[in-house]
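1. Fold the following for me, if possible:
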Amino acid sequence: MGSNKALLEVNGQPMISILVDRVRSLTNQIIISSNDDSSYRFLNVPVVPDRFAERGPLAGFHAAMLANTCSLYIVLACDLPNLRASFLNKLIALADGFDAVIPVSNDGIAHPLCAVYRQTCLPLIEKALQQGSNKAIEPFLNDTLRVKWVRPEEGLFADSDLANINTPEDLQRLHSLPGKDDA
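-> Numbering: from 1, shown residues only. Predicted coordinates for the structure are as follows:
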């Protein structure tokens, strides 16, 4: 995109603001993982740097989990402007008995950057980072953790909930869509 996607505006608001507002209806413990805290001061939430530099979102999971011990974590990419709080509530409701609840879109792609995790995931996340993995999905592709893979046929979400902004065309397409409620 050539710029910080989190700060791209959708309906006059930075995408990160949209997500923070939606998550605030679920929790008051919000942490942003970034090595650039100055860009997010306007949100008035803690910003934690990665302990594994230049390692991508997996290092962000790790940093956030170390910064605040919780029973559950909602991990989100910064570029999910269609995400609904009601969908996140559904993921949270499925977490009993699982270490992770990860949606899988119709194309079979898992979305670890729009998922719910327990603190029990931290050791495997750290191990993956120590072994050089940068793939956010890596720690969850083994039999050690109990993962609930949520599929569209379960009726809990639409692929549009997971649509992220990767190109200027994606952003343009989003701007041309009518507004939607958080149903």
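2. Check which residues of the helix or strand where D21 lies are buried.
-> According to DSSP states H and E, D21 maps onto helix 15-24. Neighbour-count burial for helix 15-24, with 16 or more other C-beta atoms under 10 Å as criterion, is recorded at 15-20, 22-23. Any C-beta I mention is one placed from the backbone N, CA and C, and that applies to glycine too.
3. The residues you listed into JSON lines, with extra columns for distance to S133?
-> Below are the buried residues of helix 15-24 laid out as JSON lines (distance: C-beta to C-beta, whole Å):
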{"residue": "M15", "distance to S133": "27"}
{"residue": "I16", "distance to S133": "26"}
{"residue": "S17", "distance to S133": "31"}
{"residue": "I18", "distance to S133": "30"}
{"residue": "L19", "distance to S133": "25"}
{"residue": "V20", "distance to S133": "28"}
{"residue": "R22", "distance to S133": "29"}
{"residue": "V23", "distance to S133": "26"}
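4. Let's see the pLDDT reported for D181.
-> On pLDDT, D181 comes in at 47.
5. same question but for Q131, I mixed them up
-> At Q131, pLDDT is 94.
6. repeat for P14
-> On the pLDDT scale, P14 gets 92.
7. if you skip the residues just before and after it, what's nearest to it?
-> Distance criterion C-beta to C-beta, 6 or more residues apart in numbering; nearest residue to P14, sequence neighbours excluded, is L7 at 4.7 Å.
8. The one you found and S25: what is the separation?
-> The spacing between L7 and S25, counted by C-beta to C-beta, to the nearest Å, is 22 Å.
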